[in-house]
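Sequence first, then the predicted structure, then my questions.
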Amino acid sequence: MLYDLIYPSWHWSISGLAIAFILFLLTMAGRSFGVSTTFKNICGLVGAGKKNEFFKFDYKEDSWRLFFIGGAIVGGFIAGVLFPNPFAVSLDSDTIFALENLGIVYPTADSLGRGFFPDEYFRWDSLKAWIIALAGGFLVGFGSRYADGCTSGHAITGLSHFQLPSLLTVIGFFIGGLLMTHFLLPFIL
Amino acid sequence: MKGIIFFLIGIFFGITMTKSEALSWFRIYEMFRFESFHMYGIIGTAVVLGAIIMSLMKYFKVKVAGGGLVTYTPIPLNFKRHIISGTIFGLGWALVGACPGPMFVLAGNGYFFIIVVIAGAVFGTYSYGMVRDKLPH
């Protein structure tokens, strides 16, 4: 019984409730829920603020985010390593079939067997994997800063505040995501 | 001391991203193929509940830490900027299968290759900072 509470993945409604609760907690703590600003803070911490005001790390305004991200990493360790779900992510069979056509086997593609990350593809000794990871990360970093927010800042926080700019940005997320998944990934992978 | 509060909220966030499977590259791929309701259920539930909670907090003028009310600083509406920036982000999101939050949580899960993606994201953010004056906002 206790095992069923701690190890398996959650139903989507519980997950959505938990995210709304995080939005509530951060709002109560006087902060705005948004993760992508962390990249800007990292730039500032390694000294980019000296050359460009934009990256300046303001200890009073920005330090909470580092504690939050530190916690997120620990939370990932607790939920994924200490109390891992014994079952792999239960993908739709059509998705698994489409993945096989791309040459990605599921879920054995994951050395940890959980279906979180295709790490048979994203390998340290693959130059192509490095290029894809750096390029994909670059797009996420550039796009989120230009958009002034990512999934948490726009799709969750912005939409919860009925922001039209956030809605347009999320529409953009899907334009890009659909283009990549349906037209570009088959050529890239 | 306040840092501990954010550290604890962060732990809950990391557990949520993992147990929701929102950090799965495969779940993002499945979402963009519209083959499962899972991710839409998560985001939909979060937005509907989030909107109700934020609206109630504004209506009842709930005081947050620091003594202020719940406010949101809107960014200026610029159709071109939102669509272009969102599209750039979406291309990357579907390619690496992780948005910024899950990137860090994946590292905690033991997928250390994600550090390369995070390095790319930091460089992308830096590049934006260097050319932002030339972009429409």
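Okay, I see it. Owing to the predicted nature of the structure, the values given are computational and were not obtained by experimental measurement.

host element of A:G16?
Using DSSP states H and E, the secondary-structure element containing A:G16 is helix A:12-28.

wait, does that helix contact chain B?
Yes. Between helix A:12-28 and chain B, judged by Cβ under 8 Å from any Cβ of the partner chain, the touching residues are A:12-28. Where C-beta positions appear, they are placed from N, C-alpha and C, glycine not excepted.

Next: stretch A:176-189.
Yes. Residues of stretch A:176-189 are located near chain B by Cβ under 8 Å from any Cβ, namely A:176-182, A:184-185, A:188.

got CSV for the residues you listed, with secondary structure and neighbour count too?
CSV is the format used below for the residues of stretch A:176-189 next to chain B (DSSP: H, G, I helix; E, B strand; the rest coil; neighbours: other Cβ atoms under 10 Å in any protein chain shown):
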residue, secondary structure, neighbour count
A:G176, helix, 27
A:G177, helix, 23
A:L178, helix, 17
A:L179, helix, 16
A:M180, helix, 23
A:T181, helix, 24
A:H182, helix, 12
A:L184, helix, 14
A:L185, helix, 17
A:I188, helix, 13
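
Pull the most distant pair out of those.
In the residues of stretch A:176-189 next to chain B, the most distant members under the criterion Cβ to Cβ are A:L178 and A:I188, with 14.8 Å between them.

So what touches stretch B:41-51?
A:12-13, A:15-17, A:19-20, A:23-24, A:151, A:155-157, A:159-162, B:20, B:22 (Cβ atoms under 8 Å, 6 or more residues apart in numbering or on different chains).

What's the mean pLDDT across it?
Summarised as a single mean, pLDDT over stretch B:41-51 is 98.

next one: stretch A:166-177
Averaging pLDDT along stretch A:166-177 gives 98.

Would you mark the buried spots in it?
Taking 16 or more other Cβ atoms under 10 Å in any protein chain shown as the basis for neighbour counts, the residues of stretch A:166-177 that come out buried are A:166-170, A:172-177.

Now distance to B:T73 too, for these, in a markdown table please.
Conversion of the buried residues of stretch A:166-177 to a markdown table gives the following (distance: Cβ to Cβ, whole Å):
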| residue | distance to B:T73 |
| --- | --- |
| A:S166 | 12 |
| A:L167 | 17 |
| A:L168 | 17 |
| A:T169 | 15 |
| A:V170 | 18 |
| A:G172 | 20 |
| A:F173 | 21 |
| A:F174 | 25 |
| A:I175 | 26 |
| A:G176 | 25 |
| A:G177 | 27 |
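
In helices only, show me the residues you listed.
Mapping the buried residues of stretch A:166-177 onto helices (DSSP state H) picks out A:166-170, A:172-177.

any idea how far stretch A:137-154 is from the chain center?
Put simply, stretch A:137-154 sits 11 Å off its chain's centre (Cα atoms, centre = their mean, to the nearest Å).

what does stretch B:96-105 give?
Going by Cα atoms, centre = their mean, where stretch B:96-105 is centred and where its chain is centred differ by 9 Å.

Correct me if wrong: A:I156 contacts A:F33.
Yes. A:I156 lies in contact with A:F33 (Cβ atoms under 8 Å); the separation is 6.3 Å.

higher neighbour count, these two?
A:I156 (28 against 24; other Cβ atoms under 10 Å in any protein chain shown).

In the chain, which helix is the longest?
Just going to use chain A. The single longest helix within chain A, with elements called by DSSP H, is helix A:127-147.

Hmm, no, I was thinking of chain B.
Longest helix in chain B, counting by DSSP H: helix B:38-59.

Mind exporting the C-alpha coordinates of the helix or strand that that one is followed by to PDB?
Stepping forward along the backbone from helix B:38-59, the first helix or strand reached (DSSP H and E) is helix B:79-96. Extracted in PDB, the C-alpha atoms of helix B:79-96 (Å, rounded to 0.1, in the frame of the first residue of the first chain):
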ATOM      1  CA  PHE B  79       2.600  39.500 -31.900                       C
ATOM      2  CA  LYS B  80       5.800  39.000 -34.000                       C
ATOM      3  CA  ARG B  81       8.000  38.600 -31.000                       C
ATOM      4  CA  HIS B  82       5.800  36.100 -29.100                       C
ATOM      5  CA  ILE B  83       5.300  33.900 -32.100                       C
ATOM      6  CA  ILE B  84       9.000  34.000 -33.300                       C
ATOM      7  CA  SER B  85      10.500  33.500 -29.800                       C
ATOM      8  CA  GLY B  86       8.000  30.800 -29.000                       C
ATOM      9  CA  THR B  87       8.700  28.900 -32.200                       C
ATOM     10  CA  ILE B  88      12.500  29.000 -31.500                       C
ATOM     11  CA  PHE B  89      11.900  27.600 -28.100                       C
ATOM     12  CA  GLY B  90       9.500  25.000 -29.400                       C
ATOM     13  CA  LEU B  91      12.000  23.700 -32.000                       C
ATOM     14  CA  GLY B  92      14.500  23.200 -29.200                       C
ATOM     15  CA  TRP B  93      12.000  21.700 -26.800                       C
ATOM     16  CA  ALA B  94      10.900  19.000 -29.200                       C
ATOM     17  CA  LEU B  95      14.600  18.300 -30.200                       C
ATOM     18  CA  VAL B  96      16.000  17.700 -26.700                       C
END
